[in-house]
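**Q** Need the 3D shape of this:
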Amino acid sequence: MVLKHFELIDYSNYELDVKQTLTLKPGDFRIQVKAREVSQEMNKATVYVEEKPAPVVHKNIASDSQTGDTLAVEADTNSSLLVLYGSNLGTAEGIARELVEKGRSYGIPSEAATLNEWVSRIPRQGVVLIVTASYNGKPPHNATAFVDWLKGAESEEAWDVNYAVLGCGDRSWSGTYQSIPRLIDERLEELGGKRLLSRGEADAGGDMEKQVEAWQHRLWPQILSVLGINTEVVKPTLPSTSRLQMEIVHEKTDMPLARTYDASYATVVVNKELQAPGSGRSTRHIEVLLPEGMSYREGDHLGVLPNNQKQNVDRILSRFGLRGDIQIQLTSDVSHLTHLPLNRPVKVHELLTHCVELQTPVTRAQLQELANHTVCPPHKRELEGMLDENSYRDYILANRITMLELLEKYEACELPFEKFLELLPPLKPRYYSISSSPSLNSEQASITVSVVKEPAWSGRGEYLGVASSYLAGCSSGERILTFARTPESEFVLPEEADVPIIMVGPGTGLHHSEVSSRRELP
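**A** Numbering: from 1, shown residues only. Just a heads-up that it's a prediction; the model follows:
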């Protein structure tokens, strides 16, 4: 690290004079140091990272007796992997795409798709993996048609299908926890499917990453066995460098997350504080003018695609020695980076602001990559030590330590910027219950936002909620990316106006405007 940042100057033509006390050392050795000048050309350079795709290895595999190299033969439709997902917020989809990449690393032809895309035609060849969540006991929006078909499917419609199910959820919702994954798992077995292993459970309220990893540890031997792949011959081909490539360009682009959620720009017209001065809390009443063509019902959610805080973006730029206004173009040969603007130019600060989560605790996979790219042996050992179950729980999770914080702490970590981007999860939308009624004004909607601002668990500075802090700082006239969603909970008002209603307002509370057209009970 000294040599990296400083020039060492022998100003006195020192001659070695060995002195020995407890240790050997050069006596009266003095040098001058000067900070190295970082070439500005770094900000102009084009960065290329080449990665060859994994070899295609199929069911019939031979081995060269002299070299031991694995030889691929003609593709076999019986040795494919299909990963289907049901996901509203992106967690299940992210896991599904990681499973696809893992399958491809073994040379297995693999693809990911929504459950709705495979209604009534679930394949009987190869292996089918299903990753899905539940929302108040209902399927995700891109799994509704599949679940409806599965409930009414006739016997043997999944005959001989090799399958496994991983359910995502939160055990806090005990009444509906894992209800959809359980239904899919049991119905596939009833319809003649062959379960490869028991249903996995990923609890967002626990150590979700570890639970998914443990399930996969049991899963892959079963998949390879069913597909007839000899694990002694075929080993996963893990990339030694980033699968994401980057170069500097000079054009403009749009953000893919807006298209993913079909989001449009709404204009903020009111943003006012509801808490009394001195309360120590902040709750904002925000009204937006909806874009043309967007409508909602009572009980709907307003999805908001937030911006990351400028201070965090600036910290990343500083850590990697980049300028925010540089335009880059990303390319990749993997399928799980759909949240990044690939094959088109984008400014670095826009990419970091709109596309990736920056404040989530560092995962074990990210930790391992940080350790792999750390050139200082003691620091490398420290990072690897955090992978220990107790250390990870008591230090990383308990303090919400992020990848950025570790990069700032361990300067000897030489993680490339494109690898950093590849490791970051997609920025997720935040959902807020709409607290207005379209019967009063169908062109505007209001939300009530509790602003998260509290001391960071790590003890360093403040933790600011990504979306709530972003919304709190939006002035009248600013535009925000939004979309309306009807929740699967069927939380809607009855059509009959004389039906009594009991209202319970947890969280930020309930606005009178939601039921303004109804007669209040005493």
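**Q** By residue count, which helix of this protein is the longest?
**A** helix 208-226 (DSSP state H).
**Q** what residues does it touch?
**A** 81, 95, 99, 102-103, 106, 108, 127, 129, 162, 164, 166, 168, 196-197, 200-203, 230-231, 234, 363-365, 389 (C-beta atoms under 8 Å, 6 or more residues apart in numbering). (Glycine included, C-beta is placed from N, CA and C.)
**Q** Mind listing what's buried along it?
**A** Neighbour counts over helix 208-226 (16 or more other C-beta atoms under 10 Å) mark Met208, Glu209, Gln211, Val212, Trp215, Gln216, Leu219, Trp220, Ile223, Leu224 as buried.
**Q** Same list, those, but as JSON lines with distance to Trp118 and pLDDT please.
**A** As requested, the buried residues of helix 208-226 are exported to JSON lines (distance: C-beta to C-beta, whole Å; pLDDT from 0 to 100):
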{"residue": "Met208", "distance to Trp118": "25", "pLDDT": "86"}
{"residue": "Glu209", "distance to Trp118": "27", "pLDDT": "86"}
{"residue": "Gln211", "distance to Trp118": "25", "pLDDT": "91"}
{"residue": "Val212", "distance to Trp118": "22", "pLDDT": "92"}
{"residue": "Trp215", "distance to Trp118": "21", "pLDDT": "93"}
{"residue": "Gln216", "distance to Trp118": "22", "pLDDT": "93"}
{"residue": "Leu219", "distance to Trp118": "20", "pLDDT": "94"}
{"residue": "Trp220", "distance to Trp118": "22", "pLDDT": "92"}
{"residue": "Ile223", "distance to Trp118": "18", "pLDDT": "93"}
{"residue": "Leu224", "distance to Trp118": "23", "pLDDT": "91"}
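**Q** Hmm, Ile401 and Gly459 touching each other?
**A** No: at 10.8 Å, Gly459 and Ile401 do not qualify as touching, with contact defined as C-beta atoms under 8 Å.
**Q** the more surrounded of those two?
**A** Set Gly459 next to Ile401 and count neighbours by other C-beta atoms under 10 Å: Ile401 wins out with 21 against 7.
**Q** can you pull the contacts of the more buried one?
**A** The contact partners of Ile401, taken as C-beta under 8 Å, 6+ apart, are Pro361, Val362, Tyr395, Ser458.
**Q** By neighbour count, sort out the buried ones in the contacts of helix 208-226.
**A** For the contacts of helix 208-226, buried by 16+ other C-beta under 10 Å: 81, 95, 99, 102-103, 106, 108, 127, 129, 162, 164, 166, 168, 196, 200-203, 234, 363-364.
**Q** Narrow these to those in helices?
**A** Those of the buried ones among the contacts of helix 208-226 lying in helices (DSSP H): Ile95, Leu99, Lys102, Gly103, Arg364.
**Q** Of those residues, which pair is most distant in space?
**A** Taking C-beta to C-beta, the two most distant members of those are Gly103 and Arg364; they sit 20.4 Å apart.
**Q** Count the neighbours of Val504 for me.
**A** 5.
**Q** does it sit in a helix, a strand or a coil?
**A** At Val504, secondary structure determined by DSSP: H, G, I helix; E, B strand; the rest coil is coil.
**Q** Look up how far Leu302 lies from it.
**A** According to C-beta to C-beta, to the nearest Å, Val504 and Leu302 sit 20 Å apart.
**Q** again, but for Leu115
**A** For Leu115 relative to Leu302 (C-beta to C-beta), the value is 26 Å.
**Q** ok, now Ser468?
**A** From Ser468 to Leu302 the distance is 13 Å (C-beta to C-beta).
**Q** out of those two, which sits in the more crowded spot?
**A** Leu302 (26 against 21).
**Q** follow-up on the earlier one: can you redo the buried residues of helix 208-226 as CSV with distance to Leu424?
**A** Output for the buried residues of helix 208-226, formatted as CSV (distance: C-beta to C-beta, whole Å):
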residue, distance to Leu424
Met208, 17
Glu209, 15
Gln211, 21
Val212, 18
Trp215, 23
Gln216, 21
Leu219, 25
Trp220, 25
Ile223, 28
Leu224, 30
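**Q** got the contact list for the nearest residue to Gly192 once chain neighbours are set aside?
**A** Nearest non-adjacent residue to Gly192, counting by C-beta to C-beta, 6 or more residues apart in numbering: Trp159, 3.5 Å away. Listed by C-beta under 8 Å, 6+ apart, the contact set of Trp159 reads Arg124, Leu191, Gly192, Gly193.
**Q** Just the pLDDT for the first one.
**A** Going back to what we said before, that points to Arg124. The model reports Arg124 with a pLDDT of 88.
**Q** doesn't it fall inside a helix?
**A** No: Arg124 sits outside any helix when classified using three-state DSSP, being coil.
**Q** how near is the most centrally placed residue in the chain to Leu305?
**A** With distances taken as C-alpha atoms, centre = their mean, Pro425 lies nearest the centre of the chain, 2.8 Å away. Note on Pro425: its distance to Leu305, by C-beta to C-beta, is 14 Å.
**Q** Over to Ser134?
**A** Ser134 sits 24 Å away from Leu305, going by C-beta to C-beta.
**Q** Also Leu342?
**A** Per C-beta to C-beta, Leu342 is found 18 Å from Leu305.
**Q** still on that earlier bit, tell me the one among the buried residues of helix 208-226 nearest to His373.
**A** The nearest member of these to His373, counting by C-beta to C-beta, is Glu209 at 19.8 Å.
**Q** Just say helix, strand or coil for the nearest residue to Val165 once chain neighbours are set aside.
**A** Spatial nearest neighbour of Val165, excluding adjacent residues (C-beta to C-beta, 6+ apart): Asp185 at 4.2 Å. Secondary structure of Asp185, reduced to three states by three-state DSSP: helix.
**Q** Begin at 25, not 1, for the rest of this chat.
**A** In the new count, where the first residue is 25, that last one comes out as Asp209.
**Q** Contact partners for Val42?
**A** Per C-beta under 8 Å, 6+ apart, neighbours of Val42: Leu48, Lys49, Pro50, Gly51.
**Q** and the two most separated of those?
**A** Leu48 and Gly51 (10.1 Å).
**Q** Now stretch 317-336: buried residues?
**A** Result for stretch 317-336 [16+ other C-beta under 10 Å]: buried residues 318, 320, 322, 324-333, 336.
**Q** Now do that stretch, average pLDDT.
**A** Mean predicted lDDT for stretch 317-336 stands at 91.
**Q** Stretch 339-351 now?
**A** Mean per-residue pLDDT for stretch 339-351: 93.
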